[in-house]
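Student: I would like to see how this sequence folds:
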Amino acid sequence: MARRERVVRMSVEQPLWRALTAYRLLTMVYAVLIFAFGRDKFERPWVAAGFLLVLVVWTVATLPKVANAVSCTKRFLGVDLTIALVGILLTPVVDVQARYMDGPTLPTIWTAGSVLAFAVKGGWRWAAFASSLVAFANLVGRGTPSRDTLHNVLLVWVASIAIGYIVEVARASERTLARALEIEAATRERERLARDIHDSVLQVLAMVQRRGTALGGEAAELGRMAGEQEVALRTLVSSGLVPTTRTSEDSSLGAVVRTVDDARYGDGGDGDATDEDRRWDLRTLLAPLSGSAVTLAEPGAPVLLRPAAARELAAAVSAALDNVRKHAGDGARSWILVEDSPDEVIVTVRDDGPGIPEGRLAQAEGEGRLGVALSIRGRLRELGGTAELISVPGQGTEVELKVPRGKAER
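Tutor: Got it, this is the predicted structure:
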């Protein structure tokens with residue numbers, strides 16, 4: 001996340017520093033040309049030439065200093081502004097008429113570059129400080145400032161403060177964006193962990209409760225305790241208090257995924273191939289889910305997806321089948337249909353159970369039973385896909401999982 005914030009900041013501030021670098025070079029050349037074409041009017045041209053030589057050497061030597069906010073130190077800003085102020089105050093010394101006429105100062109508009117550096121580095125307060133010093137130097141150097149001098153001083157003062165304020169707003173926006181990205185990443189991680197808990201721990205606790213109740217005796221007490229822990233854990237998951245610590249992938253599909261971990265295509269069987277290079281055949285992950293009560297219909301050609309996308313899609317199918325076994329009973333049959341097209345992969349899970357009563361899903365989410373919300377819809381949402389559930393009481397349930405290939409590949 002820190003890396004992402006640095007990238008965002010670079011994208012916002014870096015153009016400002018590049019523009020400032022170009023501005024300093026161009027205005028340095030402009031100051032030299034002004035002196036070269038008007039040197040005859042200077043009473044002390046050697047003083048002006050000496051100052052401009054210092055200005056040129058300083059500007060060229062300090063180009064790396066205005067590359068970014070880190071290299072632009074307070075010491076550099078202080079020396080840079082001092083050179084600008086000295087140039088302004090030297091102007092009436094080398095050109096006596098400048099005290100009474102509205103001619104350019106020795107550094108001319110190069111001075112604005114020093115003030116802008118303060119604005120970009122420290123915001124509007126730093127800009128106000130630097131521009132006030134420049135304004136004071138201009139008023140002192142002119143002796144009797146004209147209306148044009150006052151106008152130019154006010155323009156630099158207002159413009160630098162405005163730019164400094166804009167920079168502060170941009171930085172505040174960066175921090176807000178970075179915080180939003182951090183919250184989004186934490187939320188996605190929390191949802192992923194909640195799905196893993198639902199697919200593993202909660203399923204086991206529910207099974208222990210059912211079996212213990214059926215067996216009776218001491219097993220019934222064990223089942224009751226497992227039921228209490230299941231309720232407590234569901235409440236924790238649904239409240240969003242699940243810690244965002246990474247855990248290993250472990251779900252009802254975990255054993256299947258591990259057994260087919262090497263069933264890849266496109267990597268030549270190289271175990272060192274990365275996720276960027278290899279593809280998994282979705283059919284290989286879904287095949288172990290079929291059985292006497294589950295019929296799998298699949299294309300004749302491999303359905304290739306990146307490992308993460310194939311694993312998550314297969315886990316969503318497994319979660320749908322878990323719901324069938326849990327709510328439709330042992331006698332219900334299920335069908336899995338896999339469709340592969342250039343644009344998307346569609347997996348449909350249908351059963352002949354009693355269906356889902358209207359409003360039952362919303363009620364289940366309120367009770368912390370997040371099988372559909374997290375294990376199915378949450379997974380498809382992270383893949384950029386959709387999960388549509390169609391159920392008519394007495395006519396079974398159909399879950400259609402769609403994954404666009406473009407988003408799944410990313």
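Student: Run through the helices of the chain in chain order.
Tutor: Using DSSP state H, the helices of the chain run over 2-38, 45-61, 74-94, 110-122, 124-142, 147-197, 203-215, 218-238, 254-259, 282-286, 307-327, 360-366, 379-382, 405-409.
Student: What pLDDT does the model give the most far-flung residue of the chain relative to its centre?
Tutor: Of all residues in the chain, Glu43 has its C-alpha farthest from the mean position, at 60.2 Å, by C-alpha atoms, centre = their mean. Looking at Glu43, its pLDDT reads 82.
Student: got it, and the one 4 residues further on?
Tutor: Predicted confidence (pLDDT) for Val47: 89.
Student: Tell me how many other residues surround it.
Tutor: Using other C-beta atoms under 10 Å, the number of residues around Val47 comes to 15. C-beta: built from backbone N, CA, C; applies to glycine.
Student: Who are the contact partners of the residue lying closest to it once chain neighbours are set aside?
Tutor: For Val47, ignoring the flanking residues on the chain, the nearest one in space by C-beta to C-beta, 6 or more residues apart in numbering is Val94 at 4.7 Å. Val94 makes contact with 42-45, 47-48, 51, 106 under the criterion C-beta atoms under 8 Å, 6 or more residues apart in numbering.
Student: Restrict the residues you listed to the buried ones and give me that as a PyMOL selection.
Tutor: The PyMOL selection below is limited to those of the contacts of Val94 classed as buried (16 or more other C-beta atoms under 10 Å):
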select buried, resi 42+48+51+106
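Student: Just send the contacts of Val94 back as JSON lines, with distance to Gly384 too.
Tutor: Listed next are those as JSON lines, based on distance: C-beta to C-beta, whole Å:
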{"residue": "Phe42", "distance to Gly384": "69"}
{"residue": "Glu43", "distance to Gly384": "74"}
{"residue": "Arg44", "distance to Gly384": "71"}
{"residue": "Pro45", "distance to Gly384": "69"}
{"residue": "Val47", "distance to Gly384": "68"}
{"residue": "Ala48", "distance to Gly384": "65"}
{"residue": "Phe51", "distance to Gly384": "62"}
{"residue": "Leu106", "distance to Gly384": "61"}
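Student: Just name the closest of the contacts of Val94 to Val140, please.
Tutor: The shortest approach to Val140 among those belongs to Leu106, at 14.5 Å (C-beta to C-beta).
Student: Contacts only, for that closest one.
Tutor: Leu106 makes contact with 31, 35, 48, 51-52, 55, 87-88, 90-91, 94, according to C-beta under 8 Å, 6+ apart.
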